[in-house]
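Participant: sequence first, predicted model second:
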Amino acid sequence: MRSLSVGRNLVANTKTTVFTTPTRQVGRWLLAHISNHTGNNKAVSMWWYDKSENTEVVVIDQYSLDAKKTLQFGGGNIYVALEEGDEIRITSETGSTMSIIVTIELEATSAVQYNN
C-alpha cells in the first residue's frame with residue numbers, strides 16, 4: 001500500500017471531485033481536512049460516490065463550518081473502502097473560500113473490477 005494526499009481549493013457552490021480511485025486500484029479513505037478561509041460561517045457538504053451502485057452517499061450534509069476554522073474526520077482504524085472508479089466529492093456554500101486535503105492508501109489489484 002502507498003499513501004497519497006490530494007488537496008483542492010474549492011470553487012464556491014460547485015461540486016468538485018477531489019479524488020477518483022484509479023483503474024486496478026483499491027483504497028482506504030483515511031482522512032479529510034477541510035478549512036474555511038472565509039470571514040463568516042459557511043456550509044460544506046461531502047459525498048462518497050460508489051461507482052458499483054452508481055449512487056452518492058452523504059458523508060457531510062450542509063455542515064456549518066465556523067469562520068477561519070477547520071473540520072477534520074477520520075484517522076485511526078476508521079476509513080471508507082474505495083473501489084476503482086469511486087469518487088470523493090465536495091461542495092461549499094456560495095461566497096465561501098475553502099480548501100480540502102484527503103489522504104488515501106492505495107493498493108494495486110491484479111485485474112479490472114467489473115461491477116454488475
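Facilitator: Everything's here; your move. Residues are numbered from 1 along each chain as shown.

Participant: show me what contacts N13?
Facilitator: Applying C-beta atoms under 8 Å, 6 or more residues apart in numbering, we find N13 in contact with 91-94. (Glycine included, C-beta is placed from N, CA and C.)

Participant: sheet-wise, list the partners of the helix or strand of the chain with the lowest mean pLDDT with their directions.
Facilitator: Within the chain, confidence by mean pLDDT, DSSP states H and E is lowest for strand 70-74 among all helices and strands, at a mean of 93. Paired strands of strand 70-74, with direction, are strand 25-36 (antiparallel) (DSSP bridges).

Participant: the strand it pairs with: how far from the chain's middle?
Facilitator: Averaged C-alpha coordinates place strand 25-36 at 5 Å from its chain's average position (C-alpha atoms, centre = their mean, to the nearest Å).

Participant: with just CA atoms, put that strand into CSV.
Facilitator: What follows is strand 25-36, C-alpha atoms only, in CSV (Å, rounded to 0.1, in the frame of the first residue of the first chain):
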residue,chain,number,x,y,z
GLN,A,25,-6.6,0.2,-7.6
VAL,A,26,-8.5,-0.1,-4.3
GLY,A,27,-8.1,2.3,-1.5
ARG,A,28,-8.8,3.3,2.1
TRP,A,29,-10.0,6.9,2.5
LEU,A,30,-8.4,7.7,5.8
LEU,A,31,-8.7,11.4,6.4
ALA,A,32,-10.4,14.6,5.3
HIS,A,33,-9.3,18.0,6.5
ILE,A,34,-11.5,20.9,5.4
SER,A,35,-10.6,24.6,6.0
ASN,A,36,-12.9,27.6,5.9
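
Participant: what angle separates the helix or strand just after that strand from strand 25-36?
Facilitator: Downstream of strand 25-36, the first helix or strand assigned by DSSP states H and E is strand 42-50. Note on geometry: by axes from the mean of the first three to the mean of the last three C-alpha atoms, to 10 degrees, strand 42-50 and strand 25-36 are set 170 degrees apart in direction.
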